[in-house]
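K.L.:
Need coordinates for the following:
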Amino acid sequence: MKSSFSDGYKYVADNISGALGKEMSDFWIGEINNQINTLGEKMTQKAQSGSLDISKMQGFIAEIWHSDTLNLNRVIRGKDPSAYAPDVNTYASPDIVANGGEASLKYYKNASASLSQQSKSHFQNYMELRSKAIREGKSYDDFETYLKKRGIPLEDGYKSLYSNQTKVIPSDQLDKAVELCQRRIAKAIATGDLEKAERLKEVLATLSDTVSDGEGNSSLQLTREQAQKLAMAARDGEIDKELLKECGIDLSELVKQQDIFREAMRAGVSAAAISLMISLAPIVVNGISKLVADGEISAEELKQNGIAALSATAKGFINGSVTAALVAAFRTEKFGLELLQFAESANGTSIIAAAVVLTVGTIESGIYFAAGKINKTEFATQVTQNIFTTVASVVGGIAFSAILPEGFAFSYMLGSFIGSVIGGFIYKGTEKLLLSYCVHSGFTFFGLVNQNYEIPEEILAESGIEIFEPTSFHSITLDIAEFQPNTFSPEYFSYEKIECRILRRGIISAYSIGYI
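P.N.:
Numbers count the residues shown, from 1 in each chain. As a prediction, this is how the structure comes out:
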């Protein structure tokens, strides 16, 4: 038995890091593909939701393109999506919002038209609306009232409508637009129109064919012709990978070697940390074995009650040995230099204490699992919940220590308590999201969720497939002949029906998903 346990433990310790690396890689690639699918779905939904012609629709498609390809590049770089297209038409509102700021997008027929729209001032816009009102015989506000109604300071009346926003135009128009803008600046200076020159300088400084998040990530370039192609394909519901690749979404180009290396390193660090935590288990096991051998605790009592069976002295021995092992692991950079520095910081004690709680808690659950009191799924669930509540407890303790006045003795304890409660709620909510995601994706979450793909027997029987039944013995029973009088029975006509049942995936038992 001891040999079997050792072999099993060694197998898990040797292989869990590889399994974790595979799951992390699959999750990363899945997120990238989800982002690409979302881009196509958004463009199709937008194109099919109205009756705009292609010349106007292509501008809305370009907005989605730039916001979502910026998000795509962020996901590739291991960051969360942040950009979006507000799809509003209020005065001087941005077309795209990202971490790096706001952006205005103009996809007009040529560079001159796109530049003119991006460099239009509040005064120019006012004069256009004033002229239209005069033609239609309507009243109009004076310029100061016009600005006040729109929340624009009077001193900004001659600035660009989209001042302080990135001004995005088609990539095939950018060079020409820059040249035109420089010429218009020179002309404004030559004629003494310094106000216009300053406005155009601001436009030139913010003119671009991509949107950036300020962290080194940007959207993909898009020409006006490509925007029109995407708009037509979206309207017909025919956006495919080939068209997206033609427009620049080519993962072989977008995913760089450094991205693969970064994800490999991230998976490696996580796997190394988990492997190290697993390697601490023998310290606890050896400690418990020593306590049993010294007569400190009963082996049978330990089997029945887990670590709860330990005396205060015994628990102190276990916690002390695990803490010592963790401190040594941190200081020898087993977790990496960054975690070494963090562990030696003001909050380092809290982090090490949390690691001790997690390790000992996992061992305790392992004892119950080994004793057959809980199954594999319950064991994994207990460990996962322990992680949530412990991490939330530490975060709460650190947060309250920073918020409450210095010297408040119970600040860490109060924050730790509140954090652990919040962590419990977060776990319950995350558990529901996890199971919902697993139902639709087939993800097993490191083996925590069982994906059962067997068709239920009753469905197979209804489909006409013969089910093998084990033979059973039936004893002979006495059949007594009975007299039955003839009765009249009318005949009924029944027509044949074809029944269709659509199978779907759902939860069939605790952490088990199958056909229902």
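K.L.:
all strands for this protein, in order.
P.N.:
96-98, 101-105, 166-168, 207-208, 450-451, 505-509, 512-515 (DSSP state E).
K.L.:
Need the winner for burial among these.
P.N.:
strand 166-168 (a mean of 26; mean count of other C-beta atoms under 10 Å). The C-beta positions use only the backbone N, C-alpha and C, and glycine is treated the same way.
K.L.:
packing partners for it?
P.N.:
Strand 166-168 sits against strand 101-105, helix 194-206, strand 207-208, with contacts defined as 3 or more C-beta pairs under 8 Å, 6 or more residues apart in numbering; DSSP states H and E.
K.L.:
let's see it at 10 Å
P.N.:
Packing contacts for strand 166-168, counted by 3 or more C-beta pairs under 10 Å, 6 or more residues apart in numbering; DSSP states H and E, involve helix 54-76, strand 96-98, strand 101-105, helix 111-119, helix 194-206, strand 207-208.
K.L.:
Can you give the strand pairings for it, parallel or anti for each?
P.N.:
Strand 166-168 sits in its sheet next to strand 101-105 (parallel), strand 207-208 (parallel), going by DSSP bridges.
K.L.:
For residue 235, find the nearest of the ones you listed.
P.N.:
Nearest of those to residue 235, taken as C-beta to C-beta: strand 101-105 at 19.4 Å.
K.L.:
least reliable of the strands of the chain going by mean pLDDT?
P.N.:
Out of the strands of the chain, strand 505-509 stands lowest, with a mean of 68 (criterion: mean pLDDT).
K.L.:
Surely residue 52 touches residue 234?
P.N.:
No: in this structure, residue 52 is not within contact of residue 234 by C-beta atoms under 10 Å, at 11.6 Å.
K.L.:
who has more neighbours, the two?
P.N.:
Remark: of residue 52 and residue 234, residue 234 carries more neighbours, 26 against 15, as counted by other C-beta atoms under 10 Å.
K.L.:
quick one: that one and residue 50 touch, right?
P.N.:
No: judged on C-beta under 10 Å, residue 234 makes no contact with residue 50 at a distance of 11.5 Å.
K.L.:
residues shared between the contacts of these two?
P.N.:
Common neighbours of residue 234 and residue 50, counting by C-beta atoms under 10 Å, 6 or more residues apart in numbering, are 57, 60.
K.L.:
Next one: residue 390, what pLDDT does it get?
P.N.:
pLDDT, residue 390: 67.
K.L.:
same question, the one 10 residues further on
P.N.:
Note for residue 400: predicted pLDDT of 61.
K.L.:
Also residue 34?
P.N.:
87.
K.L.:
hang on, the earlier thing: quickly list what's touching both of residue 52 and residue 234.
P.N.:
What both residue 52 and residue 234 touch, as defined by C-beta under 10 Å, 6+ apart, is the set 46, 58, 60.
K.L.:
Let me have the residues you listed in JSON lines, extended by distance to residue 216, neighbour count and pLDDT.
P.N.:
Formatted as JSON lines, the shared contacts of residue 52 and residue 234 follow (distance: C-beta to C-beta, whole Å; neighbours: other C-beta atoms under 10 Å; pLDDT from 0 to 100):
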{"residue": "46", "distance to residue 216": "28", "neighbour count": "20", "pLDDT": "91"}
{"residue": "58", "distance to residue 216": "28", "neighbour count": "26", "pLDDT": "92"}
{"residue": "60", "distance to residue 216": "27", "neighbour count": "23", "pLDDT": "93"}
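K.L.:
Reformat these as CSV; add distance to residue 189.
P.N.:
Listed next are the shared contacts of residue 52 and residue 234 as CSV, based on distance: C-beta to C-beta, whole Å:
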residue, distance to residue 189
46, 42
58, 35
60, 37
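K.L.:
Mind picking the one among the residues you listed that's closest to residue 32?
P.N.:
Of the shared contacts of residue 52 and residue 234, the one sitting nearest to residue 32 (C-beta to C-beta) turns out to be residue 46, at 22.0 Å.
K.L.:
mind listing what the residue nearest to that closest one when sequence neighbours are not counted touches?
P.N.:
Setting aside the residues directly before and after it, residue 46 is nearest to residue 60 in space (C-beta to C-beta, 6 or more residues apart in numbering), at 5.5 Å. By C-beta under 10 Å, 6+ apart, the residues touching residue 60 are 43, 46-47, 49-50, 52, 85, 87, 95, 105, 107, 227, 231, 234.
K.L.:
Next: residue 110.
P.N.:
116, 170, 172-173, 176-177, 180, 224.
K.L.:
can we see that at 8 Å?
P.N.:
By C-beta atoms under 8 Å, 6 or more residues apart in numbering, the contact list for residue 110 reads 173, 176.
K.L.:
Nearest to residue 156, out of the strands of the chain?
P.N.:
When those are compared by C-beta to C-beta, strand 101-105 sits nearest residue 156, at 15.5 Å.
K.L.:
could you give the angle of that closest one to helix 194-206?
P.N.:
Put simply, strand 101-105 runs at 100 degrees to helix 194-206, going by axes from the mean of the first three to the mean of the last three C-alpha atoms, to 10 degrees.
K.L.:
can you list contacts of strand 101-105?
P.N.:
59, 62-63, 66, 94-97, 118, 161-162, 164-169, 211, 214.
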